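Student: Got a predicted model here, sequence first, then my questions.
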Amino acid sequence: MNEIRRKAAGSAVWLAALLLVPPTAAPAGQGSRTVIDSLGRTVAVPARAERILSLQPELSRILVALGAGERLVGVDYFLRRFDHVIPLVFPKAFELPLVSRVGEDVNLELVLKLNPDIIFVSPSEAWLADSLQRKVPAPVAAFSSLGRFESLFQEMDLIGNLIGRRDRAAELVHFARAELRAIGNRLVGLDPGGRPRVYLAFYSSLLRTNTSYEPVTASGGLNVAGTILPFALGTKEAAVNIEQILSWDPDLILIQGNFLPAERAVTVESVLGDIRLRSLRAARDRRVAYTFGFWYWWDPAQVLLETRYLARLFYPRLFADFDFEAEGNRLYRAFYGADGVFSSISKTLKCEEWILD
Amino acid sequence: MTKRTGFWTLLAVLLPFLILVLSLAIGSYRIPPKELVHTVAGLISPSRHPDLAPAFKDILLHIRLPRLLLALMIGASLSLSGASLQALFKNPLVNEYILGISSGAGFGAALSLVLAGRGFPPQVAAFGFALLAVAAVLAIAGRSESSVVPILLTGVVVAAFFQALLALVVYFASPYALQTLFFWLMGNLALATWRDVVLAGPVMLAGSACLFLLRWRLNVLSMSETEARSLGVHVRREKILVILAATLASAAATSVAGIIGWVGLIGPHLVRMAVGADNRKVIPLAASCGACFLLLADDAARMIMSFEIPVGIFTSILGIPVFVYLLAKTKKVWL
């Protein structure tokens, strides 16, 4: 996945091509337009897609959020095995053919049999899009938010256009922007120097982090790893050592909490009980908490909830009215139209234990 | 013992510890030299230096020291095991891989990291499956343990089997859990703790001590079996004893640090190049050489980039050209 992201560097311009979309949707096969995907590839996409094969969970979630889950003709293994939201809001996905595990092993004959109008893959598997494109007639596009809100919104626009649901996409993008703006408005006037300094322990390891994570900055935090170089150009992932964490001395340590509790290799308890970290301010003040983090990129509802949740962690007084479960259910309802979705996810991930006193 | 021999023996014993002490000063958290000396003095005599900075104390005592001690012990154990197995199998390319130790440990760690979460410590699983792999080799090789070829061939088969099982676990793993596994498989000392030292250290020491005591026998075992028998050696029993001791040492090393390649080849070959094939000298010197090699590689892993690089990458990067150079320079193999 790292390599994937590396290859995806500099691909933020792909959305500009959306301007070419005709205002009214055309039937599949009639006309096409070109977009530039997250790998910088130029892809001719149909004006309208009825049969969509998405091997990229983030895009599958967006499709479902736009009410077009039925257009999915196949799924990948991550969505079926690990995703938290799809089983709750679109259980029919489990009846769809399993086309690949993580992209490296696409069942080509099955893809041809499914006859999709377009195939979405993740830019994480950098070579997959071109490799697949050489073998199947449908256009193959590699898209991902790459952990950027603007890219996520652009993806929603793209999918909305593709399935003829531009209004719904625009509505969701507008909603998401308003949510972020509402959080930002509460932070206006705060001393920029007083922002909590945060270390992110992601990817199942205390020593793996992200040099940039927008939910942290959008909620008024400062990522202490923002000053170091990632593994390679184009990726945001970095590996650090314990001494580096000690030298940063963050106010707060956030652990990727999207793993099921039993599958978490790093836990709040393990960090607080680590004798090597006891001199850290975050450990002394017991400011170690879970956050969601990537889960094969983002779930749009979850990342908005995460931003609000982080704002509550960073500024408890400003966000004293935050009700994790109610907020979660509200956001998931806005995106997926179902009630109680976050209550169920929260029960699985034990989110009720995440809030620090 | 001549003066010259005495000097080299003393150097071999002291050099790893000298590097260890110097390595205490290396790390991404900058500790001024004066503070470093003060903190070390405080750790030795707490009553005289009660004013130690907690961060400096924790870094030296709980991060650098256990890491360096593990590097020293793991380097020594892998090199010693490699030297012993090479002598036993009369094959200069034998190391812990060949008996399925690395593959077994990799599969055990994968099972633990990918499927069990925190339910089962990867170190324990890695150690258990490494032992299981060697047990499988010896069981399958059966009565032919006195001959090296069946053991080597069985080792290759068992290693391949555990590699396939590892691939199966990897295939169904979450991509996020996989990243932890990949770091483990590349060999890493970044998370070393005193617990690792306490749990794996005695096992490594026991295995290494056993090999050290058997160094005389290795000279006999590296002869032909007929010659060894004529000298009164119970070949089958002694070979199994060497294999088990090497397994204990290298499995314990692999279980706490992951798969660190080339240490078991570079150390023994450098030593044989310097002192010849006499295992009475090769075994202790290989331990010293391996310890120094891994300590220096770990220093490089910590120093070169702003982020942590798995030490296994460095041992390969350093090891491969050294090995190629040795082969090109000597054009012969000492066994």
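Tutor: Looks like it came in fine. Numbers count the residues shown, from 1 in each chain, chains lettered A, B, ... in the order given.
Student: Worst mean pLDDT across the helices and strands of the chain, which element?
Tutor: Just going to use chain A. Taking mean pLDDT, DSSP states H and E as the measure, the helix or strand of chain A with the lowest value is helix A:2-7, at a mean of 44.
Student: oops, chain B please
Tutor: Every helix and strand in chain B was compared by mean pLDDT, DSSP H and E; the lowest is helix B:175-185, with a mean of 77.
Student: hmm, who's touching that one?
Tutor: Contact partners of helix B:175-185, identified using CB atoms under 8 Å, 6 or more residues apart in numbering or on different chains, comprise A:1-2, A:78, A:102, A:203-205, A:208, A:239, A:256, A:259, A:263, A:265, A:294, A:296, B:106, B:109-110, B:113-114, B:122, B:170, B:173, B:258-259, B:310. Glycine gets a C-beta too; all of them are placed from N, C-alpha and C.
Student: Kindly report the same for stretch A:156-169.
Tutor: Under the contact criterion CB under 8 Å, 6+ apart, stretch A:156-169 has outside partners A:15, A:18, A:21, A:25, A:35, A:45-46, A:48-49, A:52, A:59, A:62-63, A:65-68, A:71, A:118, A:143, A:170, A:172-173, A:300.
Student: Please apply the same query to stretch B:46-63.
Tutor: With CB under 8 Å, 6+ apart as the contact definition, stretch B:46-63 has outside contacts at A:242-243, A:246, A:275-276, A:278-279, B:24, B:27, B:29, B:31, B:35-36, B:38-43, B:193-194.
Student: Check stretch A:175-188 too.
Tutor: Taking CB under 8 Å, 6+ apart as the criterion, the residues outside stretch A:175-188 that touch it are A:149, A:152-153, A:218-220, A:300, A:304, A:307-308, A:311, A:315, A:318-319, A:331, A:334.
Student: Stretch B:71-83 near chain A anywhere?
Tutor: No - using CB under 8 Å from any CB of the partner chain, stretch B:71-83 stays clear of chain A, coming no nearer than 13.8 Å.
Student: How far does that stretch sit from its chain's centre?
Tutor: In this view, stretch B:71-83 has its centroid 4 Å away from the chain centroid, taken as CA atoms, centre = their mean, to the nearest Å.
Student: got it, and stretch A:261-278?
Tutor: Going by CA atoms, centre = their mean, where stretch A:261-278 is centred and where its chain is centred differ by 24 Å.
Student: So what's the model's average confidence on it?
Tutor: For stretch A:261-278, mean pLDDT rounds to 91.
Student: Among the contacts of helix B:175-185, name the ones in helices.
Tutor: For the contacts of helix B:175-185, the ones inside helices are A:Asn2, A:Phe78, B:Gly106, B:Ala109, B:Ala110, B:Pro122, B:Val170, with DSSP state H as the criterion.
Student: check contacts around the fourth one.
Tutor: Same thing as B:Ala109. B:Pro122, B:Gln123, B:Ala125, B:Ala126, B:Leu181, B:Trp184, B:Leu185, B:Ser255, B:Gly258 are the contacts of B:Ala109 under CB under 8 Å, 6+ apart.
Student: rewinding a little: columns distance to A:Ser131 on top of the ones in helices among the contacts of helix B:175-185, output as CSV?
Tutor: As requested, the ones in helices among the contacts of helix B:175-185 are arranged in CSV below (distance: CB to CB, whole Å):
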residue, distance to A:Ser131
A:Asn2, 19
A:Phe78, 19
B:Gly106, 28
B:Ala109, 31
B:Ala110, 27
B:Pro122, 34
B:Val170, 20
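Student: Point out where the stretch 51-200 of chain B drops to low pLDDT.
Tutor: Residue ranges of the stretch 51-200 of chain B with pLDDT under 70: B:117-119, B:143-147.
Student: For chain B, which residue occupies the most central location?
Tutor: Chain B has B:Leu78 as the residue nearest its centroid, 2.8 Å off, counting by CA atoms, centre = their mean.
Student: who's in contact with that residue?
Tutor: The neighbours of B:Leu78, taking CB under 8 Å, 6+ apart as the test, are B:Asn95, B:Glu96, B:Ala249, B:Ser250, B:Ala253, B:Ile260, B:Val263, B:Gly264, B:Gly267, B:Gly290, B:Leu294.
Student: Nearest residue to B:His269 in space, please, no chain neighbours.
Tutor: B:Leu326 (5.5 Å; CB to CB, 6 or more residues apart in numbering or on different chains).
Student: try A:Asp285
Tutor: In space, not counting the residues next to it along the chain, A:Asp285 is nearest to A:Asp251; the distance is 7.6 Å by CB to CB, 6+ apart.
Student: Equivalent analysis for A:Asn107, please.
Tutor: Leaving aside its sequence neighbours, A:Asn107 sits nearest to A:Val99 (CB to CB, 6+ apart; 5.6 Å).
Student: looking at it, A:Val305 is touching A:Gly328, isn't it?
Tutor: Careful, residue A:305 is Leu and not Val. Yes - contact status for A:Leu305 versus A:Gly328: in contact at 5.1 Å, counting by CB atoms under 8 Å.
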